[in-house]
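Undergrad: Quick check, what structure comes out for this input:
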Amino acid sequence: MFEKFGFNKKLSKEEEIEKLLTNACEICKNLTNVELKKLDICDYQYSAKEAVEELGIDEELVHQLLEDYVIQVLKSIRQFHEYINKLRILNYSATKSDYDTLRELAHKNLGVARNLRVKDAEKLLYVLMKNDDLNYLELCAKALECCAIKLKPSCAYDTITLMNLKSTL
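TA: Have a look, this model is predicted:
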């Protein structure tokens, strides 16, 4: 009723982050239970313990690196969608070399995901590197975005807000 009169309750930053996380979890669960089921990542929960033990660095540093990774992935998502759309325009005339830019971006992000032991992202990025089905690649990019949001929701919120602000300038 208030919206009808132009009164909208402004959500606090914490409420916005919670809303972002809830939406990301829902989308991720839907994608990984149906279209991306064979990747077996639906119930994946990241733990910094493996990265701490294998890399020999403290947990605080792992979490700082995870924030950098989330920023990198969220910035890459727009590029993934741009490359996929360019490939769609080429339709059936796309050659293997037309996929190179997409695959290089996936490879760059895959290295970081492997180093930090982010298993769901590893699987999604591997598909983005190897698969040619544009619809499937688009779903993987969307799932990757949701997984990054779930990893560090506050950082994701700040990054998305900043990217949206920059795109309006």
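
Undergrad: From the contact counts, what lies against the worst-scoring helix or strand of the chain on mean pLDDT?
TA: Within the chain, confidence by mean pLDDT, DSSP states H and E is lowest for helix 48-55 among all helices and strands, at a mean of 92. Judged by 3 or more C-beta pairs under 8 Å, 6 or more residues apart in numbering; DSSP states H and E, the packing partners of helix 48-55 are helix 59-90, helix 100-116. Using the backbone N, CA and C atoms, a C-beta is placed for each residue, glycine as well.

Undergrad: For that helix, list the C-alpha coordinates in PDB.
TA: Presented in PDB, the C-alpha positions along helix 48-55 are these (Å, rounded to 0.1, in the frame of the first residue of the first chain):
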ATOM      1  CA  ALA A  48      38.900 -22.100   5.100                       C
ATOM      2  CA  LYS A  49      40.500 -25.000   7.100                       C
ATOM      3  CA  GLU A  50      41.700 -26.800   4.000                       C
ATOM      4  CA  ALA A  51      43.300 -23.700   2.500                       C
ATOM      5  CA  VAL A  52      44.900 -22.800   5.800                       C
ATOM      6  CA  GLU A  53      46.400 -26.300   6.200                       C
ATOM      7  CA  GLU A  54      47.500 -26.800   2.700                       C
ATOM      8  CA  LEU A  55      48.800 -23.300   2.000                       C
END
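
Undergrad: Leu144 contacts Leu125, doesn't it?
TA: Yes - between Leu144 and Leu125 a contact is recorded at 6.8 Å, counting by C-beta atoms under 8 Å.

Undergrad: Find the nearest non-adjacent residue to the residue nearest to the spatial centre of the chain, please.
TA: In the chain, the centroid-proximal residue (C-alpha atoms, centre = their mean) is Glu145; its distance is 2.0 Å. The shortest distance from Glu145 to any non-neighbouring residue, by C-beta to C-beta, 6 or more residues apart in numbering, is to Ile77 (4.7 Å).

Undergrad: mind listing what the one you found touches?
TA: Counting by C-beta atoms under 8 Å, 6 or more residues apart in numbering, Ile77 makes contact with Ala141, Leu144, Glu145, Ala148.

Undergrad: Phi first, then psi, for the first one.
TA: Dihedral angles of Ala141 (phi, psi; degrees, to the nearest 10) stand at phi -60, psi -40.
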